[in-house]
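Colleague: With the sequence up front, the predicted model follows.
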Amino acid sequence: MKLFKSLIMITIFTVVLTSCKKQEKEVVTNKEEIVNTLKEKEAILSVMQAYKDAIQNLTTDGTFELFTPEATIFEQGKVEGTYKEYINHHLGPELGHFKSFTFSDYTINATVSLPYAYTTEKYVYTIVLKGDKAKGVKERTIKSKGVATSVLQKIDGNWKIIHSHTSFKKLNP
């Protein structure tokens, strides 16, 4: 009977040790996934920063590489179409009227679920519109509080924006 109890205790002890080792391996695996997720988030934030920097520099140069050709853009309750359509018919012409465009109080969060990710942004943007003496138009400033969500997909090792939706509320009359 004593031998039987000893065998049962050894079996239980072995099972407990084995299960602990499995859990330890899972924790290591989870740590590895966290490290990879952090690298992916950094890459995603880099894409979003490049887009933000271009807009603040009043250019669309280099931005087409950040979007897929079929990326859809929504702004202020309107379907703008593809990124190319948005640039050609909306943002591109607008940038020519801006003296400056700056973001402030900017925060961004990224969530990764490979091969997709999404970002949420909150910010205040200030646009200074150029004046036109010939037309009697004075320079003016527009300040708005905005939010944006973007969906990105990892394609051939690079993160690309496949969907963007922005909205804003003017802060000044």
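Modeller: Arrived safely, thanks for sending.

Colleague: residue ranges of the helices in the chain, please?
Modeller: Using DSSP state H, the helices of the chain run over residues 2-56, 83-86, 92-95.

Colleague: lowest-confidence stretch among those?
Modeller: Mean pLDDT values for those show the minimum at helix 2-56, a mean of 63.

Colleague: tell me, what residue is most central in this structure?
Modeller: Thr119 (3.3 Å; CA atoms, centre = their mean).

Colleague: can you pull the contacts of that one?
Modeller: Counting by CB atoms under 8 Å, 6 or more residues apart in numbering, Thr119 touches Ile44, Leu45, Met48, Ile108, Asn109, Ala110, Thr111, Ala148, Thr149, Ser150, Leu152. All C-beta atoms are positioned from the backbone trio N, CA, C, and that covers glycine.

Colleague: Only whichever of the residues you listed are buried, select them in PyMOL.
Modeller: Of the contacts of Thr119, the buried ones go into a single PyMOL selection, burial set by 16 or more other CB atoms under 10 Å:
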select buried, resi 44+45+48+108+110+148+150+152
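
Colleague: Now, the contacts of Thr119 that are in strands?
Modeller: Using DSSP state E, Ile108, Asn109, Ala110, Thr111, Ala148, Thr149, Ser150, Leu152 are the members of the contacts of Thr119 that sit in strands.

Colleague: Grab the two from these that are most spread out in space.
Modeller: Farthest pair in the ones in strands among the contacts of Thr119 (CB to CB) is Thr111 and Ala148. Separation: 14.2 Å.

Colleague: could you dump the contacts of Thr119 to CSV with distance to Ile55?
Modeller: Formatted as CSV, the contacts of Thr119 follow (distance: CB to CB, whole Å):
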residue, distance to Ile55
Ile44, 17
Leu45, 16
Met48, 11
Ile108, 14
Asn109, 19
Ala110, 18
Thr111, 23
Ala148, 11
Thr149, 17
Ser150, 13
Leu152, 17
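
Colleague: Can you tell me which of the contacts of Thr119 is nearest Val124?
Modeller: Proximity of these to Val124, judged by CB to CB, is greatest for Ala148, which lies at 12.5 Å.

Colleague: contacts for stretch 41-57?
Modeller: When contacts are defined by CB under 8 Å, 6+ apart, stretch 41-57 is touched by residues 60-63, 66, 91, 95, 101-103, 106, 108, 110, 112, 117, 119, 121, 150, 152, 159-161.

Colleague: tell me which residues in that stretch are buried?
Modeller: In stretch 41-57, counting by 16+ other CB under 10 Å, buried: Lys41, Ala43, Ile44, Leu45, Val47, Met48, Tyr51, Lys52, Ala54, Ile55.
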